[in-house]
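*Asks:* model the structure of this input:
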Amino acid sequence: MRLRYTSDALSHLDAIYEFLSERNLAAARRVAADIRAAAERLRDFPQMARLGSVSGTYEWVVRGTPYLLVYDIDEAGEEIRVLAVFHGAQDWKGDAG
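*Replies:* Residues are numbered from 1 along each chain as shown. This next block holds a predicted model:
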């Protein structure tokens with residue numbers, strides 16, 4: 001399956017990196033790499049995550065981080081679409097999908 005990030009998801013990744021890099025550049029690089037690696041794993045196992053709080057979405061916790069990937073699957077287009085990347089403590093339910 002193809003993996004695609006929405007513009008919102010890319011903005012979230014940029015904001016996460018910027019926030020962390022102001023505090024610890026190495027941690028920012030590691031977390032950004034971990035998030036992208038988790039998204040890549042979805043290509044092989046797109047339905048391994050839990051069903052999302054927003055209908056039609058899935059939620060995947062990025063191991064070793066407090067971040068959550070929110071995505072949907074377009075079976076016909078054979079595409080996984082990362083909709084958002086949120087910190088687990090964020091109240092985001094209305095912001096994805």
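*Asks:* where does this protein have low pLDDT?
*Replies:* 90-97 (pLDDT under 70).
*Asks:* closest to the centroid, which residue in this protein?
*Replies:* residue 69 (2.5 Å; C-alpha atoms, centre = their mean).
*Asks:* and for the helix or strand in which residue 38 is found, what are the contacting residues?
*Replies:* Per DSSP states H and E: residue 38 is located in helix 25-41. Here helix 25-41 makes contact (C-beta atoms under 8 Å, 6 or more residues apart in numbering) with 3, 5, 13, 16-21, 48, 60, 62-65, 67, 69, 71, 80, 82, 85. Glycine gets a C-beta too; all of them are placed from N, C-alpha and C.
*Asks:* out of those residues, which end up buried?
*Replies:* Among those, those scoring as buried are 3, 5, 13, 16-17, 20, 60, 62, 65, 67, 69, 71, 80, 82, 85 (criterion: 16 or more other C-beta atoms under 10 Å).
*Asks:* and residue 41, how many residues sit next to it?
*Replies:* 16 (other C-beta atoms under 10 Å).
*Asks:* element containing the residue nearest to the centre of the chain, please.
*Replies:* According to DSSP H and E, residue 69 maps onto strand 67-74.
*Asks:* which element follows that strand toward the C-terminus?
*Replies:* strand 79-87.
*Asks:* that following strand packs against which elements?
*Replies:* Judged by 3 or more C-beta pairs under 8 Å, 6 or more residues apart in numbering; DSSP states H and E, the packing partners of strand 79-87 are strand 2-5, helix 7-21, helix 25-41, strand 67-74.
*Asks:* so which of the ones you listed comes closest to residue 56?
*Replies:* strand 67-74 (5.5 Å; C-beta to C-beta).
*Asks:* list of residues touching the closest one?
*Replies:* Residues from elsewhere that reach strand 67-74 (C-beta under 8 Å, 6+ apart): 1, 16, 31, 35, 38-39, 42, 46-47, 49, 52, 54, 56-62, 79-88, 92, 96-97.
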